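J.: what shape does this take:
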Amino acid sequence: MKYEISGKDIILFEEDLELDDVLDTGQAFRWEKAGENRYTGFCLDSYLDISGSDGKFILKDTDEKTFLEVWAKYFDLETDYSALRELYSSDLTLKKACEFSKGVRLLRQDSWEALVCFIFSSNNNIRRIKGIVSRLCERYGHFPTPGELSRETAESLSFLRAGFRAGYILDAAKKISSEEISLERIKELPYAEAREELMKIKGVGPKVADCALLSGFGKTEAFPLDVWMKRVMEQYYSEGFPEKFYKTRGIAQLYLFKYIREQKTEIRGQKSESAKL
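T.: Numbering: from 1, shown residues only. Below is the predicted model:
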């Protein structure tokens, strides 16, 4: 991680990052495009105006302490993505996906925020999810805590226009605020057990659990399967995803997801040579 302080800004030098590849692809829902190669958004209540491309980025009005404690973690700057892409290059399909979007990386979000946002994502689209989350934060003036949300009702949350998902959010807030479910404990559990624990929340199925675990709990083994990834699995990994990538298969999935979604066609080339491994 290389950076320097320039007045009130942080200048970040990072070759393995492109803002369009991470902030507008369904990983997080609190970012808005503010111009070419520029986004504004939040991690919980920390605001950021970030711009740049081609290895150089400006984090506007950001002090060093906030950069190191919030944004360096959020953008996963301690992980060597060049090394990951080199690892994945032994698989033909993954190699093509990595070459298509070298700026992809995992956004390591707050666990509560990620869980709430991905519950809202159930059978939904990015634009509507962003609208729901925005209305939620506007009402409270910040991202509400489990305790704050647990005092709501489905009727009082009607302003969200979230439909059946409002009930799911209430169930999550009540179980977490009562400590029936502990987000900190989930972080410490092995992936399979953490998944089972999250799925005790109403409306949290395998896909929502995996999205939240990957983005908010540091479980890079989590492997969310939506319609795009199911297509990849059926065509290229019918015998299962390569075990040698298991520990970081969630990050590998990000490359595959962006590639097939943006291509809107099948990944060209022969079946992955490592699909049987």
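J.: going forward, measure contacts and count neighbours with C-alpha atoms only.
T.: Fine.
J.: residue 38: how many residues sit nearby?
T.: Burial measure for residue 38: 18 neighbouring residues, criterion other CA atoms under 10 Å.
J.: in what helix or strand does the closest residue to it other than its chain neighbours lie?
T.: For residue 38, ignoring the flanking residues on the chain, the nearest one in space by CA to CA, 6 or more residues apart in numbering is residue 51 at 4.0 Å. For residue 51, the host element (DSSP states H and E) is strand 46-53.
J.: one more: residue 147?
T.: Residue 147 belongs to helix 146-150, assigned by DSSP H and E.
J.: and that helix, what does it pack against?
T.: Where contact means 3 or more CA pairs under 8 Å, 6 or more residues apart in numbering; DSSP states H and E, helix 146-150 is packed against helix 165-177.
J.: so how far is the helix or strand that the helix it packs on is followed by off the chain centroid?
T.: Where DSSP H and E defines the elements, the next helix or strand beyond helix 165-177 is helix 183-188. Distance, stretch centre to chain centre, for helix 183-188: 17 Å (CA atoms, centre = their mean, to the nearest Å).
J.: tell me the mean pLDDT for helix 183-188?
T.: Averaged across helix 183-188, the pLDDT comes to 97.
J.: what packs against it?
T.: For helix 183-188, the packing partners by 3+ CA pairs under 8 Å, 6+ apart are helix 191-198.
J.: and the following helix or strand past the helix it packs on, what does it pack onto?
T.: Proceeding N to C from helix 191-198, the next assigned helix or strand is helix 206-216, under DSSP H and E. Other elements packing on helix 206-216 under the criterion 3+ CA pairs under 8 Å, 6+ apart are helix 111-120, helix 191-198.
J.: if you set the cut-off to 6 Å instead, what comes out?
T.: Other elements packing on helix 206-216 under the criterion 3 or more CA pairs under 6 Å, 6 or more residues apart in numbering; DSSP states H and E are helix 111-120.
J.: quick one: the helix it packs on to chain centroid distance?
T.: For helix 111-120, the distance to the chain centre is 10 Å (CA atoms, centre = their mean).
J.: swap in stretch 246-263?
T.: Worked out by CA atoms, centre = their mean, stretch 246-263 lies 12 Å from the chain centre.
J.: give me the buried positions along it.
T.: 248-260 (16 or more other CA atoms under 10 Å).
J.: about what we covered before: which strands border the strand holding residue 51, and is each parallel or antiparallel?
T.: Applying DSSP bridges, strand 46-53 is found paired with strand 38-43 (antiparallel), strand 56-60 (antiparallel).
J.: could you list the alpha-carbon positions for it in CSV?
T.: Extracted C-alpha coordinates of strand 46-53, given in CSV (Å, rounded to 0.1, in the frame of the first residue of the first chain):
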residue,chain,number,x,y,z
SER,A,46,-17.9,7.8,7.1
TYR,A,47,-18.2,9.8,3.9
LEU,A,48,-15.8,9.7,1.0
ASP,A,49,-15.2,11.6,-2.2
ILE,A,50,-12.8,9.5,-4.3
SER,A,51,-11.6,10.0,-7.9
GLY,A,52,-8.9,8.7,-10.1
SER,A,53,-7.9,5.9,-12.5
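J.: got the buried residues for that strand?
T.: So, applying 16+ other CA under 10 Å, buried residues of strand 46-53: 47, 48, 49, 50, 51, 52, 53.
J.: what's the answer for stretch 155-173, then?
T.: Under the neighbour-count criterion of 16+ other CA under 10 Å, stretch 155-173 has 157, 160, 162, 165, 166, 167, 168, 169, 170, 171, 172, 173 buried.
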